[in-house]
Structures are given as structure tokens and as C-alpha cells.
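Undergrad: What would the 3D arrangement of this be:
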Amino acid sequence: MQPATERAAAFGDLTPLIAPRQVAVVGASDREGNLGGLAVSFLQKFGYRGPVWPVNAGQPSVAGLPCFPNLRALPSCPDLAIVAVPAEAVVDVVKDCIAAGVAAAIVWAGGFAEGDDSGRARQKQLEDVCRGTSLKLCGPNCIGVINTSIGLAASFSSLMTEFDHLIPGGVSIVSQSGGTAVTAHARAQELGLGFRVTISCGNEATLTIGDFIHALAQDDATRVIAAYVEGLSDPARFLEALGEAKRRGKPVVILKGGANEQSGRAALAHTGKLAGSDRTYDAIFREFAAIRVYSTEELLDVSLQLASLRQGQLPAGNRVLLTTFGGGSGVLAADQCAREGLSVPTLDDGTRSRLTPILSPLGSSINPVDLTPGSMTNPKYRATLPAVLKTLVDAPDIDAQVFMSAGFGALAGEVVTMFENLRANTGKPICISWLSPPQGIRQSLAERGVVMFDEHARAIRACGHLVRYAANRRHRIIHRPELATPFRWSDFIDTVATTIETTEKVVSEDVAARILESAELPVAKSRLACTTAEAVRAAEEVGYPVAIKAISPAITHRAAAGLVRLNVENADAVALADRALRDRAAGLGVTLDGIWVQHMVSGGLELLVTALRDPQFGVIVGCGMGGGMTEIIDDVVFARAPIDPDGAFDLIGRLRTCQRLPGLLPDAGRKRAAEFLARFSALVASAPWEKFTFEVNPVKLGVDEMAAVDALLVIL
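TA: Numbering: from 1, shown residues only. Sure, this is the predicted structure:
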């Protein structure tokens, strides 16, 4: 038996799995409850466009089709084998697939790595069997693959029994939860829109969620990729897949489960509390313009809305036009826009003057625009409504529109026609919501490829995602591995003290400051003093006023321990502070390495600059509001290190504080902060430790100077 010949690969290397030309179902029978027999019936029911070959040595036929005793007896080599056998038999069947030259296989059975030790051993055996072969295996412990364009229902989901046919769509979904995948598919089907491809990747014995996203990114008919992700067995492949989707301009909408997992302890620094794995995922999603959502409903809303847009039809900014047929809806919608970070600007005078002769006299053209019910119920104003709508969407200060409707009975069809004409003749995206729509309206819009929201807030939320997605596609926050700076860390860290309570190794502030200076980062003038007399001389050298800090790896939060004195202004005060800190340390039973005497950098904004190594994505750098505000307002953003100054500039601009108070950090100051962050990111990218946290807090940013004031390096 010869392997299948080559053909056009819509899904790259995974085409035999997702779009097979022939399917074998191993283990199929007519026995009630047999999953292989169910697979055969689904393939027949949904009109799979290729031969279906049941394989079972004990059956002459299945579902009226001839049954073959083994894979070698088939008329030709199938692209895909559905392995519908118990877990104990899977490995032997997969060996047969490999021997026969089958290109792809789907293993439904559970009882592998998701279970006990014997299951994990069974999966290890399956992985070993597949390693080094060309077999593309989906699963085990998955619900399978559905491709509506060819009637492929290689799944045993009972939801498939609810439908007479499969509706093709522009959204393809891949999920680490089979239930989430088929439930989302079923809902899209109910909405009259459907999906293109649905993939349940199961335990990922060989193919990972990154492999499937990469395959879907290559498929021209997949407009949008939806994904449910819990964890990553191959983070590098996942990043490669997101990069491919971004390069091809294909949105990826991700529902991420397991948000509370922490990436590391780092308990001695603020970073450990602020930068869990969930924030790392946020940074990754931002870098690759992946859209993060928080429910299956939101996953569907955003994916289906994106699929309704033309290629490249994205908002240029966050200015939204709200059109309603009732004033109250507009007021509520404006509030909801504010929560989504959307602006609802007053329309320009030129647009409003053009509206005056054609808008219903009871209407309002301010924005939100109240068209009033009379614009439909009064024939005179119904005749001018298309012109009103076109004038509104063409307004120069508008980037997107939310079209809100309700009811309208027999006139609803005309509203649909007006909306469709409007949508077809503008480059701006439009979301439509309709409260209490008459029967058939949802289906009428679905036939045009439009998702209709039954609540205005959902449409606004989807619009917010469109705006943020477009902004993320424009940003410059890009990982630049070539910028990593070689650094001789061993010149500064030979032996590192270990704290009493933990296993963290703490590098004291004086050493951390020397590291920053060696990397050409600005640091406040400081000296280490071992005696009171040295402390006084150090203060004169760095310049008054000074901060006096105790140096000990046993105390990292020194202010809380009473081991810091600020704004010390003369020699007598320095001597007094030095003796007080030494007495305080003795009372705490702490041995000091010395007293750190530091020039007080005056005024300015305090920033946090930090870095850590994430176990999946490598070194992550962050920036946020620093000093005493760090934990109070929790405003920190992260990116993979290193990044260049342009990327750092854009990253700092993502801080909530900067967005809400743009005057707080003008462009000149933001540029200096970005240069510091970029240089710091190049330094930490070369850090040699498997786990570490390097935190600079605060970095003082004044009118004329900028300097790191405090630094802490913790090696885990």
C-alpha cells in the first residue's frame, strides 16, 4: 500500500489531519455506543467528501460500508486514521498507522497523562513510538477535529447529534479543553454563523496548541483563530505560531485558563507580588497582538465580530460613534465606552450641519446620536435615514461605530438593509446590537456574515477589543534578542549571602549599584562606609542631603525595619544616623556589611524598573509606578527582554497612570525613562541564573536628572 500523494496544503504540514482526502476509522462497529461507529455515522451525516473506511477484524460492514480487517487491507493509504479503541490498544494501533504510512491520526481515548502513573507511562510510550516518525497525531484524550468545509466530523461529541448540517464560517478554534471547543462551535452554529475548523488538542503527545495555531494561520479561509489555553508544553512553538498569525494579519483571540499560577516566589521584592505568570501571558499577548478574553461568550463575541470585517478593516483610534433609537441607550452606552477606554467625541460642526436638514427634528446629533423611533416610523425620515447614517459614519473624528437597535416589528427588515448598505460602504468597523429583535432578524444578519449582539454592552466590549487589537498591531514592543549585552556577572557576584528565613540569595544594594553603573545606567552617587568617620566623609563626597541605609542581606525591606534615614543634611546628623542604625541592627540581631550613604535625588517621578526570568518565556522586564506607590496602585507592564528604546517608550505608554494623566510623564521624560528601561533590559537579558529578580525601585526621574536610587537582586 502506497502513502497518499502530495496535494495543495491549506494547513501546511497538518493538512492530512485537518483536511484529509480519505479517512479510516479503526475500531468501528455497529454495536450501540461504539464511538468508531458514531464517527462513521457523523462522517456520513455531514457529507464528508472522501472515502470512509471502517477498520475492524471482527466486522464485515459498519453503517452499510465495507469493513476492512486492518489498515494494510485498505484500497489505498488514508490521510487520517481515527483511532477509536480503548487506551490499552492505542499504542499498537498507532504502530500500525506508522507502518502503513498513514499521515495523521486522532486518538480520542483518555487514560493517559491526565490520569495516574500508569496513564502517564502509557503516554510516554505513545510519545516514544511517534518520535522520529512523520505521523501527525492529535490527542490523546481529545474530542477530535471538525472541518465544516469538507463535512469532516472526526469527533464523538454528542453535540453533533443536535445538528442536521454544519455551517461553514471564518473562525477556526483550537482548544486544550474538548468541551470548550465543541460548546463554542455549537453556539456559533446556533447563531447561524458556524466555524470553519474546530480542534481539540487533548494531551498534546506530539502536536501542541502552537502547532495547530501555526497551521490555522496558514489557512486562507480561516479569518480568525480562537483558542482556549491552559498551559504550554512548547512555549517556543506557541510564540512562533503567534508570530506567524501576526505576520499574516490574522487575529488570534485567546481565552486563558489557570490565571492564578505564580511564575516564581521572588517574595523579597515587589516583583514577586506583581509579576505572576498571568501578567507574563499578558505581555506575550500584547507583543503578538493576541486578544485576551475572559469567558466563552466573550471569545465568541470577539471572534465572530472580527470575522465579519473585511481584511484590514480595523479602527484607526479609539473614537466611537454611538447611534441609538432611544436616548437612554446612548447614555448607558457612553458609560460603558468609558469603562472600555473608548472615547465618544462630540461630532464636528460640519457633520452636524449636514445632518440638520435630514435628521428627525426630535433627534440629537451630538454623540451619542439619538435617531429616535420616528426616524423609522415616519416615512419622511425613514427615507432620509440612509443618508443620515452615511453622514454619521463618514464623520472625520470617528474610528468605529456601535449601531444599537431595538424592536421595530415589520420595519426591522429595512433596518437590516440600511445597516448592510452602510457596512458595505465604509472602511470603519461597525458592531450591531439589537434588543428584542423580531423573529428572523438574527438569521438575516447571519446570512450576511454579521454577528448580532442581544445586549448593547456586549457590542461595546467587542468594539473595545477591536480598538486595542488595532493598537497592539501598531506598537513597537518587540523582543530584540540581538540587543542582549554580554556582561561579566561573576566580577560582581562571587559569593552571595543566604537569608535566614528563606533560600533566596540576596545581592546587597552596593553590589547591585555597581552592576548598574558598569552597564552605564545612571545611579545616585553613593558610598559604602564601615565606620562612622567613613560615613561622614562619604556624605561630603556624594553631597548633601543624603540617605543613610543599613546594608545587610538579612534585611531587604529596610525602611520597615527602621534601618533607613532620609534627608540627612550635615556631618553631625550623619554620625548620629550611623550610630542609630548600627544600634538598631544590633537590637534586631542583624550583622551589617556597612552603611550605604547616598545622595538624595530631588523631586521628580518615581518609577519601578524590574526583571525576572519566567520559566516558559525567559527574561521578562517591567516598568511601573515606583516608590511607595508600587503596591498601592499596582500599575506595572511587562515585556520580553531585551527591547529597544522605541519599544520601551511604547511599553511605558501602556501604564494606566500615564494614560489617565498624560501630563505626568511628558514625552521628553518618557524618552529618558525608555532609554533606561531598554539598557536595563539588555543587561538583564544576559543574567545567567535560572531564577532571579532584579528590581530597581525607585528610579527617580526629575527635570534635569535621572538616577536609580535603590536596587535589589535576588537569586532564587
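
Undergrad: Sketch out the low-pLDDT regions of the stretch 151-300 of the chain for me.
TA: For the stretch 151-300 of the chain, the stretches flagged by pLDDT under 70 are 259-276.

Undergrad: quick one: the strands in it?
TA: Ranges of strands in the stretch 151-300 of the chain, per DSSP state E, counting those that start in this stretch, are 152-155, 171-175, 197-200, 224-229, 252-256, 291-293.

Undergrad: Check the protein for me, the residue farthest from its geometric middle.
TA: Of all residues in the chain, Asp572 has its C-alpha farthest from the mean position, at 55.8 Å, by Cα atoms, centre = their mean.

Undergrad: In which helix or strand does it reside?
TA: Here Asp572 is covered by helix 571-588, with elements defined by DSSP states H and E.

Undergrad: most centrally placed residue in the chain?
TA: Phe285 (3.2 Å).

Undergrad: wouldn't Phe680 be in contact with Leu521 here?
TA: Yes. Contact criterion Cβ atoms under 8 Å: Phe680 and Leu521 qualify, at 6.2 Å. Where you see a C-beta, it was placed from the backbone N, CA and C, and this is true even at glycine.

Undergrad: re the thing from before, please give me every residue in contact with the residue farthest from the centre of the chain.
TA: Contacts for Asp572 (Cβ atoms under 8 Å, 6 or more residues apart in numbering) come out as none.

Undergrad: pLDDT at Arg473, what is it?
TA: At Arg473, the model reports a pLDDT of 96.

Undergrad: My error: substitute Leu576 in the last question.
TA: 97.

Undergrad: coming back round to it: now the very next helix or strand once past the helix holding Asp572: mean pLDDT?
TA: Per DSSP H and E, the first helix or strand lying C-terminal to helix 571-588 is strand 594-599. Across strand 594-599, pLDDT averages out at 95.

Undergrad: could I get strand 594-599 in PDB with only the CA atoms?
TA: Extracted in PDB, the C-alpha atoms of strand 594-599 (Å, rounded to 0.1, in the frame of the first residue of the first chain):
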ATOM      1  CA  GLY A 594      28.300  48.500  56.200                       C
ATOM      2  CA  ILE A 595      26.300  51.800  55.900                       C
ATOM      3  CA  TRP A 596      25.200  53.000  52.500                       C
ATOM      4  CA  VAL A 597      25.500  56.800  52.100                       C
ATOM      5  CA  GLN A 598      23.600  58.100  49.100                       C
ATOM      6  CA  HIS A 599      23.000  61.500  47.700                       C
END
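
Undergrad: just the angle between it and helix 571-588, please?
TA: Taking axes from the mean of the first three to the mean of the last three Cα atoms, to 10 degrees, strand 594-599 and helix 571-588 form an angle of 140 degrees between their directions.

Undergrad: can you list the strands of the stretch 151-300 of the chain in a markdown table and add distance to Leu342?
TA: As requested, these are exported to a markdown table (distance: least, Cβ to Cβ, whole Å):
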| stretch | distance to Leu342 |
| --- | --- |
| strand 152-155 | 39 |
| strand 171-175 | 24 |
| strand 197-200 | 32 |
| strand 224-229 | 21 |
| strand 252-256 | 19 |
| strand 291-293 | 15 |
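
Undergrad: Next, format these as TSV and append mean neighbour count and distance to Asp491.
TA: Compiled in TSV, the strands of the stretch 151-300 of the chain are given as follows (neighbours: other Cβ atoms under 10 Å; distance: least, Cβ to Cβ, whole Å):
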stretch	mean neighbour count	distance to Asp491
strand 152-155	27	59
strand 171-175	29	47
strand 197-200	30	51
strand 224-229	28	41
strand 252-256	24	41
strand 291-293	21	41
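
Undergrad: Show me the one of the ones you listed that comes nearest Cys138.
TA: Closest approach to Cys138 among those is made by strand 197-200 (7.1 Å; Cβ to Cβ).

Undergrad: thought Arg527 was touching Gly594?
TA: No. Taking Cβ under 8 Å as the definition, Arg527 is not a contact partner of Gly594, at 9.3 Å.

Undergrad: Could you report the neighbour count for the closest residue to Gly407 other than its chain neighbours?
TA: Leaving aside its chain neighbours, Gly407 sits nearest to Ser436 (5.4 Å; criterion: Cβ to Cβ, 6 or more residues apart in numbering). Residues lying near Ser436 (other Cβ atoms under 10 Å) number 10.

Undergrad: Residue numbering should commence at 408 henceforth.
TA: Fine by me, first position is 408 from now on; the one you just mentioned is Ser843.

Undergrad: How much space separates Ser843 from Val971?
TA: 63 Å (Cβ to Cβ, to the nearest Å).

Undergrad: cool, and Arg1061?
TA: 31 Å.

Undergrad: Could you do Ala506 as well?
TA: On the measure of Cβ to Cβ, Ala506 and Val971 end up 72 Å apart.

Undergrad: In terms of neighbours, single out the busier of the two.
TA: Val971 (17 against 11).

Undergrad: who's the more buried one bridged to?
TA: Here Val971 sits in beta bridges with Lys956, as judged by DSSP bridges.

Undergrad: what sits against it?
TA: Taking Cβ under 8 Å, 6+ apart as the criterion, Val971 is in contact with 954-957, 965.

Undergrad: can you do 10 Å?
TA: Residues near Val971 by Cβ atoms under 10 Å, 6 or more residues apart in numbering: 954-957, 964-965, 984, 988, 1003, 1117.

Undergrad: Could you export the helix holding Asp979 as PDB, CA atoms only?
TA: Presented in PDB, the C-alpha positions along helix 978-995 are these (Å, rounded to 0.1, in the frame of the first residue of the first chain):
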ATOM      1  CA  ALA A 978      28.000  65.800  59.300                       C
ATOM      2  CA  ASP A 979      26.600  65.700  62.900                       C
ATOM      3  CA  ALA A 980      23.300  64.300  61.600                       C
ATOM      4  CA  VAL A 981      25.200  61.700  59.600                       C
ATOM      5  CA  ALA A 982      27.200  60.500  62.600                       C
ATOM      6  CA  LEU A 983      24.000  60.300  64.700                       C
ATOM      7  CA  ALA A 984      22.200  58.400  62.000                       C
ATOM      8  CA  ASP A 985      25.100  56.000  61.500                       C
ATOM      9  CA  ARG A 986      25.200  55.100  65.200                       C
ATOM     10  CA  ALA A 987      21.400  54.800  65.400                       C
ATOM     11  CA  LEU A 988      21.300  52.300  62.500                       C
ATOM     12  CA  ARG A 989      24.100  50.200  64.000                       C
ATOM     13  CA  ASP A 990      22.300  50.100  67.300                       C
ATOM     14  CA  ARG A 991      19.100  49.200  65.600                       C
ATOM     15  CA  ALA A 992      20.700  46.400  63.700                       C
ATOM     16  CA  ALA A 993      22.300  45.100  66.900                       C
ATOM     17  CA  GLY A 994      18.900  45.100  68.600                       C
ATOM     18  CA  LEU A 995      17.500  43.100  65.700                       C
END
